[in-house]
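Visitor: Give me a 3D structure for the following:
(3 chains)
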Amino acid sequence: MKKRSPADVAIQALWRDNPVFRQILGICSALAVTNLVLNTLVMCAALTLTTAASCLTVSLLRKYTPDRIRMMVQTLIIAFYVILIDIWLKAFWPEMGRALGPYVGLIITNCIIMGRCEAFARFNPPGLACLDGLASGLGYAFVLLAISVVRELLGMGSILGLPVPWFATHWDKWIIMVMPPGAFFTLACLVWLFRSLAPNAEGTAK
Amino acid sequence: MSTHTELWHAMVVCFSAVFTGNILLTTFLGMCPFLGVSREVKTALGLGLAVVFVMTSTTVLNWLVYRYVLMPLQLEFFRFIIFIIVIAAFVQLVEMILDRYSPLLYQKLGIFLPLITVNCAILGASLFMVIREYRFLTAAAYGFGSGIGWLLAILAMAGIRQKLQPARIPRGLQGPGIALIIAGLMALAFIGFTGVLQ
Amino acid sequence: MIVKKPWFTVVYMFVLTAFFSSAVIALSRATRERVETNRRIALERAVLEALAVALPADASALELHALFTQQVRPPAAESHGAFRRVADGRTLAYALPVEGRGFWAPVRAVVGLDADRQTLTGLAVYEQNETPGLGAEIAKPGFTGQFRGRRLGAHAPRLRFKRPGLPRAENEVHAVTGATQTSVRLERIINAAVDRWLQRMNERHAPGSAQTR
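Guide: Residues are numbered from 1 along each chain as shown, chains lettered A, B, ... in the order given. Below is the predicted model of the structure:
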């Protein structure tokens, strides 16, 4: 694998491999928290931290991990960081922990992290692997935040719990944005937008 | 709490797991195979039935492990990794049994089993059961109902997509886009069941 | 430099698991006390809010706890599970913790009752996991504020939830718009707990009743 500059790695993960283009599957389970921007921010922070830390750890251990058990080891590492986050939330921010529910734990099964570990962290030095993980997480966060801003704004007239000037008073709040269908439709529109604007970023429309 | 109300509660939870609290359409879990595999009704049915079986069994198993192993040892925070291990082990076991005793069934369903292990819905069902503090009967009913709900959603999705084959879908919406819109419309429809059972 | 001996895999897995597990267990132990404190404080705050005790804005956990120990007595046998606000030896009000199933997950709240056991001093919901913007509104002051001053009816259900917009009687409160299920369940939770508590309290205080239990 040829040497890649950090900038190249970051751009690849942030834009070209962006979830909206390639990995819609990884987003789906986190759609549940996108009804509030604050919850989404915390969720994305958790995911980005986990991805970066896991990729870093996998990369550090890459020369010692026997090939046969690498999936188990990756799962173990990811689970470790997720449990740390869960414990932290319970101790320092219990309401958020309760609001995020099982979705923090479900980060473990998120295909994005496992994908990055398998495809990149396994073969690259720790610095690059961590950067790749960070950038992947941020690309994911970008999409989720976009959805959550739309949902909270149109559904409750606020962002981060703070009322937005015109929306809070004159906008007839769309209840559907507060409920699950709103998340599906918003993501669909986002996908539509991105794929129409940049059809070449994706190979074949699948 | 008397057994009678517990049974009734279990039934209400089961019903809501299928319709109003559908694990796919309201909690967004299990989308991966949903978006990918759901183009043919037959495949969807096979996968769905496998999921019902695995989900019910693992929810029950995980309830037992949580209640009798993790709680007494005060290791509740280990539930994430333990649940995953239980699910993986169970699926492995089922695969082995199927392979040994019913090669025909293994042919049909066997390929789905590894897919199921990463299905977030299976892990999600166990995690929800813990959060909502369900008792045993309700947890089992919830696992079963969630499986049925997932099966229903994936069947409907496959059927709709099959019907949509000849339609001209805008390029940007092809694939995941239209699948998400279908999911959204189904989610909307299922909300109509709210309040049917008290 | 991968050691290709067969036992390496097992040892590796074991060492890794042991390392991560111990780290996690250590952290969990270290935060256990804090988690307990959080729970305790949440309940105490809810009790104070239900009793309509004036809380300073941005009160720290320590201040809350001090206020709580000063004004509130823990549940005793005579109060059948309710906290009591006492002053000069008299019971001013009761705070009854209630819990039950919400639409999604358990709902835990505290109902505040005046010494006459008829007038409500308030409601505070301290644990819920309902839909934000809909069911979750039951935890907000906009909803809980209306419980203050309500009088319980003579027959069950003593406290009724009415559709928003309609005029309320003395024993009625407005449900949350768009959150019928959560409202129905909360109504049930409050009424069941209050009825049960009133029954027990009245048994005790009824003249000539046997003081069992």
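
Visitor: Any buried residues in the host helix or strand of B:Thr5, and which?
Guide: Assigned by DSSP states H and E, B:Thr5 falls within helix B:3-18. Going by neighbour count (16 or more other C-beta atoms under 10 Å in any protein chain shown), the buried part of helix B:3-18 is B:9-10, B:12-18. Using the backbone N, CA and C atoms, a C-beta is placed for each residue, glycine as well.

Visitor: Which of these sits closest to chain C?
Guide: Using C-beta to the nearest C-beta, B:His9 comes nearest to chain C of the buried residues of helix B:3-18, at 7.4 Å.

Visitor: Let me see the contact set for A:Val178.
Guide: A:35, A:151, A:155-156, C:131-134 (C-beta atoms under 8 Å, 6 or more residues apart in numbering or on different chains).

Visitor: what about the residue nearest the centre of chain A, helix or strand, and which?
Guide: Closest residue to the average C-alpha location of chain A: A:Tyr140 at 3.7 Å, with C-alpha atoms, centre = their mean. Using DSSP H and E, A:Tyr140 sits in helix A:126-156.

Visitor: list the helices and strands the helix or strand following that helix packs on?
Guide: Sequence order places strand A:158-159 as the next helix or strand after helix A:126-156, per DSSP H and E. Strand A:158-159 sits against helix A:126-156, with contacts defined as 3 or more C-beta pairs under 8 Å, 6 or more residues apart in numbering or on different chains; DSSP states H and E.

Visitor: Wondering if the helix it packs on reaches chain C at all.
Guide: Yes. Residues of helix A:126-156 contacting chain C under C-beta under 8 Å from any C-beta of the partner chain: A:155-156.

Visitor: And stretch B:139-158, by the same measure?
Guide: No. Judged by C-beta under 8 Å from any C-beta, stretch B:139-158 stays clear of chain C, getting no closer than 11.9 Å.

Visitor: Which pLDDT value belongs to A:Arg70?
Guide: Note for A:Arg70: predicted pLDDT of 85.

Visitor: Now for residue 95, how many residues are close by?
Guide: Using chain A here. Residues within reach of A:Glu95, counting by other C-beta atoms under 10 Å in any protein chain shown, total 15.

Visitor: wait, chain B
Guide: 17.

Visitor: do the same with the one 10 residues further on
Guide: For B:Leu105, the neighbour count with other C-beta under 10 Å is 13.

Visitor: Please identify the helix or strand for it.
Guide: helix B:103-109.

Visitor: Which stretches in the chain count as strands?
Guide: Assuming you mean chain A. A:158-159, A:162-163 (DSSP state E).

Visitor: that's the other chain; I wanted chain C
Guide: So, for chain C - with DSSP E - the strands run C:72-73, C:83-87, C:90-101, C:106-114, C:120-127, C:160-162, C:172-174.

Visitor: still on that earlier bit, any idea which of the strands of chain A gets closest to B:Leu123?
Guide: strand A:158-159 (31.4 Å; C-beta to C-beta).

Visitor: Given that closest one, what are its sheet partners and their directions?
Guide: strand A:162-163 (antiparallel) (DSSP bridges).

Visitor: Residues in a beta bridge with A:Ser158, which ones?
Guide: Under the criterion used (DSSP bridges), A:Ser158 bridges to A:Pro163.

Visitor: what sits against it?
Guide: With the criterion set at C-beta under 8 Å, 6+ apart, A:Ser158 makes contact with A:152, A:164, A:167-168.

Visitor: between those, which is nearest B:Phe77?
Guide: Nearest member of these to B:Phe77, counting by C-beta to C-beta, is A:Glu152, at 30.1 Å.

Visitor: And for the closest one, nearest residue in space, chain neighbours not counted?
Guide: By the measure of C-beta to C-beta, 6 or more residues apart in numbering or on different chains, the closest residue to A:Glu152 outside its immediate chain neighbours is A:Val37, 5.1 Å from it.
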